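K.L.:
predicted model and sequence below, questions to follow.
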Amino acid sequence: MDDLATAFEQLRPQLLRVAYGTLGSLAEAEDVVQDAWLRLERAAPEEIEDLRAWLTTVVARLSLDALKAARRKREEYVGQWLPEPIVERLGEGDPADRVTLDESVATALLVVLERLSPAERTAYLLHDMFGLPFDQVAEAVGRSPDAVRQLAARARRHIEAGRPRFPASPEEHERVVLAFVEACGMGDLDRLMEVLDPEVVFRSDGGGHVPASRFPLEGAERVARALLALERTRRRDGREMRGAPGAVNGQLGFVYFEGRHLNVLSFTIDAGRIVALDVVRNPEKLRHVRLPDR
């Protein structure tokens with residue numbers, strides 16, 4: 001059993017990536033992975049030829065079931081639903097029991113994945129992101145290999161249409177984010193417009209617990225004026241703002257308190273401009289988040 005536990009812990013980061021990529025919730029992903037461990041403890045040794053494939057299939061099935069249940073709840077969600085963010089201190093190594101931060105957990109991808117059916121989402125993640133052959137994906141999804149091949153192809157088309165065509169390097173991402181923060185702090189509309197894509201989208205998730213826009217704001221001027229109006233209101237009301245940059249789902253973002261409300265802001269950048277701003281304010285999604293040290 002000790003050898004099995006050691007092998008499971010070595011696979012835990014990948015299993016968390018599968019579950020988190022499917023569900024968009026770290027708390028739910030951790031529950032799924034724990035459930036997979038309990039099933040592994042009860043499994044007969046002859047059932048398992050390849051531990052990695054067996055566990056990945058189990059986690060995918062459990063995640064798919066959980067996603068179907070979550071979709072029903074999300075239909076009743078107040079306002080805009082955004083994935084639960086993973087926040088790390090800049091330069092911090094990935095702890096072994098957390099999600100390995102790569103493209104599979106990037107905010108931009110998770111937002112696009114949310115538009116797919118549960119089966120499409122699972123087929124794409126397992127095959128394109130984690131390299132499972134279609135016969136194993138079929139076992140997890142409960143479809144034929146040909147069917148999951150078509151699911152993955154449809155998902156791929158949606159994702160290619162929704163992801164940045166010219167994604168930023170880490171250096172460019174940092175430059176654009178810092179320019180955005182500086183422009184907002186100075187209340188400079190012109191400088192803010194320079195870093196926003198003309199078709200930028202601003203989404204805010206309060207979950208009905210804290211104030212947040214219920215619908216996306218679109219367009220550079222509309223978003224810029226809204227952001228500066230929020231900043232003027234904060235200053236007028238004397239609400240303190242404390243914040244620090246942090247790695248949000250593997251990319252530079254900003255974590256800050258506005259008064260007593262914690263916010264996690266992530267950026268999607270394409271061709272040197274911000275195409276999406278996503279801020280999570282729902283305190284139920286931020287229980288694990290702490291303000292990073294500078």
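P.N.:
On my side now, so go ahead.
K.L.:
kindly confirm my reading that residue 207 is in a strand.
P.N.:
No. Assigned with DSSP: H, G, I helix; E, B strand; the rest coil, residue 207 falls outside any strand and is coil.
K.L.:
against residue 76, how distant is it?
P.N.:
For residue 207, the distance to residue 76 equals 11 Å [C-beta to C-beta, to the nearest Å]. Yep, even glycine has a C-beta here, placed from its N, CA and C like the rest.
K.L.:
more neighbours: which of these two?
P.N.:
A direct count of neighbours by other C-beta atoms under 10 Å for residue 207 and residue 76 places residue 207 higher, at 18 against 6.
K.L.:
so what's the more buried one up against?
P.N.:
77-79, 281-285 (C-beta atoms under 8 Å, 6 or more residues apart in numbering).
K.L.:
equivalent analysis for residue 223, please.
P.N.:
Applying C-beta under 8 Å, 6+ apart to residue 223 gives the contacts 196, 200-202, 217, 277.
K.L.:
now distance to residue 161 too, for the residues you listed, in TSV please.
P.N.:
Shown next, in TSV, are these (distance: C-beta to C-beta, whole Å):
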residue	distance to residue 161
196	21
200	17
201	14
202	20
217	21
277	20
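K.L.:
looking at these, which are in strands?
P.N.:
With DSSP state E as the criterion, strands contain 196, 200-202, 217, 277 from among these.
K.L.:
do you have the strands of this protein handy? List them.
P.N.:
87-88, 196-205, 217-218, 241-248, 251-258, 261-270, 273-280.
K.L.:
among the ones you listed, which is nearest residue 54?
P.N.:
Taking C-beta to C-beta, strand 87-88 is the member of those nearest to residue 54, at 29.7 Å.
K.L.:
now do the closest one: which elements does it pack against?
P.N.:
Packed against strand 87-88 by the contact rule (3 or more C-beta pairs under 8 Å, 6 or more residues apart in numbering; DSSP states H and E) you find strand 241-248.
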